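>>> The following comprises the amino acid sequence and a computationally predicted model.
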Amino acid sequence: MSVLLSHNSALEVLRAVPPQTGMLKALEEPFDMKAAASGVRCVRDALSSCGALRQRPAHVLVGPSCTRGARGEVRAHQTRCASIPAGFLRWVQDGLLCCGPELVFLQMANETSLVGAAVLGFELCGGYAHFSQLASGFYDRPPLTSREKTGNALGKLAGVRGKRRAAEALDLVLDGSRSPMETVLTCALTFPDGLGGCGFEAPIMNHEVVLDGRASALAGLSRCCLDLAWPKQMRAFEYDGAAWHTDARADRRRREALASMGWTVNVIDLADVSDGSSLMGAISLIEGVVPRAGDGPIDAATLQALLGRLLKATRFGLGLNAALFGVPVGRGVVDVHV
């Protein structure tokens, strides 16, 4: 019998163990839910030696014949699936498994708001993981999944509750975000007006531009990466966070190099992303250039309300000590941002 962590607990483990460590290998064969343990004692015993999970109650997935509900330190979630397809679970240690990112996205999409689910999707499909109770705390890591892979996974999970809600949230997600604030900015720009967003055409996140000879000489680089880019329109937004853009001179040269190739790059900072009126001013820079769905500009108050929900969703993280949880991570394995 194996304990199968799900929902919040599986998310905690996925955030706690960077994939750079080579841990959390995917199970390459289907998992029979009859082998999923649900007893409080079984769960307690399995977690006693696991440093990657500290939050309680522990959320576990149980089979159709088991009873769901809360029992002390354990909350059991019942699935109607007789088995979980290969590749959907991760091995934590002997007797302990956790749901993989695609399954966790489905589970959490039904536990939070549509906005919160989309923000989580950006994280799972992006190059960062939350670690801090501070609004901006995260560390770099390779994407755990992608929008396409998650969509394919939803199609393989027959009879699972909440697929429609998860699919609706996934429609809002883009691959490639590298920070919570890039996620907030992108959501504000691309969410439909029904959610309070601007409805702009989706950008390519962290788009790589190969510089020509002149631009390369100006920047001292052979290529540049743009946070949010619309290549067809040659427009881009850069989020200027103090922890990431510390060399103002190098940033200026890089933008001059891109301008020499016809790119228009506008800079947005924390003040813009935190204030609806400021962001409306920034939006005017791409208005009429980047295609936009909907009936036209939203008002600053509506945008401010969405920004508040997005910023709140990015705080759904763990403390630094809780995120790495004593997992042996060598120097250079993860980059931490505060």
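Received, thanks. Because the structure is a prediction, the values reported are computed rather than measured. Residues are numbered from 1 along each chain as shown.

>>> Span of stretch 178-196 from start to end?
Start-to-end span of stretch 178-196 (C-alpha to C-alpha, to the nearest Å) is 23 Å.

>>> Give me the distance from it to the chain's centre.
12 Å (C-alpha atoms, centre = their mean, to the nearest Å).

>>> and what of stretch 166-182?
Relative to the chain's own centre, stretch 166-182 is displaced by 6 Å; criterion: C-alpha atoms, centre = their mean.

>>> Going along the chain, name the helices of this protein.
Counting by DSSP state H, the chain has helices at residues 7-16, 40-47, 101-109, 114-124, 147-156, 163-170, 180-190, 213-219, 248-260, 270-274, 276-283, 300-314, 320-324.

>>> Show me what the fourth one is packed up against.
It stands for helix 114-124. With contacts taken as 3 or more C-beta pairs under 8 Å, 6 or more residues apart in numbering; DSSP states H and E, helix 114-124 sits against helix 101-109, helix 147-156, helix 163-170, helix 180-190, helix 300-314. In short, each C-beta sits where N, CA and C put it, glycine included.

>>> sorry, back to before: identify whichever of the helices of the chain lies nearest to Phe88.
Evaluated over the helices of the chain, closeness to Phe88 peaks at helix 101-109, with 5.1 Å, by C-beta to C-beta.

>>> Next up, the contacts around Arg147.
By C-beta atoms under 8 Å, 6 or more residues apart in numbering, the residues touching Arg147 are 121, 125, 170, 173-175.

>>> Now pLDDT too, for the residues you listed, in TSV please.
Output for the contacts of Arg147, formatted as TSV (pLDDT from 0 to 100):
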residue	pLDDT
Gly121	96
Cys125	97
Leu170	97
Val173	98
Leu174	98
Asp175	97
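
>>> among these, which two are most distant?
Leu170 and Asp175 (11.2 Å).

>>> how many neighbours does Ser216 have?
16 (other C-beta atoms under 10 Å).

>>> Contacts only, for it.
Contacts for Ser216 (C-beta under 8 Å, 6+ apart) come out as 222, 257.

>>> Would you map out the domains in the chain?
Annotated domains of the chain cover 1-99, 188-301 [automatic domain parsing].

>>> For the first one, measure first residue to last.
Criterion C-alpha to C-alpha; first-to-last residue distance in domain 1-99 is 16 Å.

>>> before we move on, what about the last one?
Taking C-alpha to C-alpha as the measure, domain 188-301 stretches 13 Å from start to finish.

>>> likewise stretch 60-76?
For stretch 60-76, the first-to-last residue distance is 5 Å (C-alpha to C-alpha).

>>> average pLDDT for that stretch?
Taken as a whole, stretch 60-76 carries a mean pLDDT of 72.

>>> where does the stretch 51-200 of the chain have low pLDDT?
For the stretch 51-200 of the chain, the stretches with pLDDT under 70 are 51-54, 64-72, 132-136, 159.
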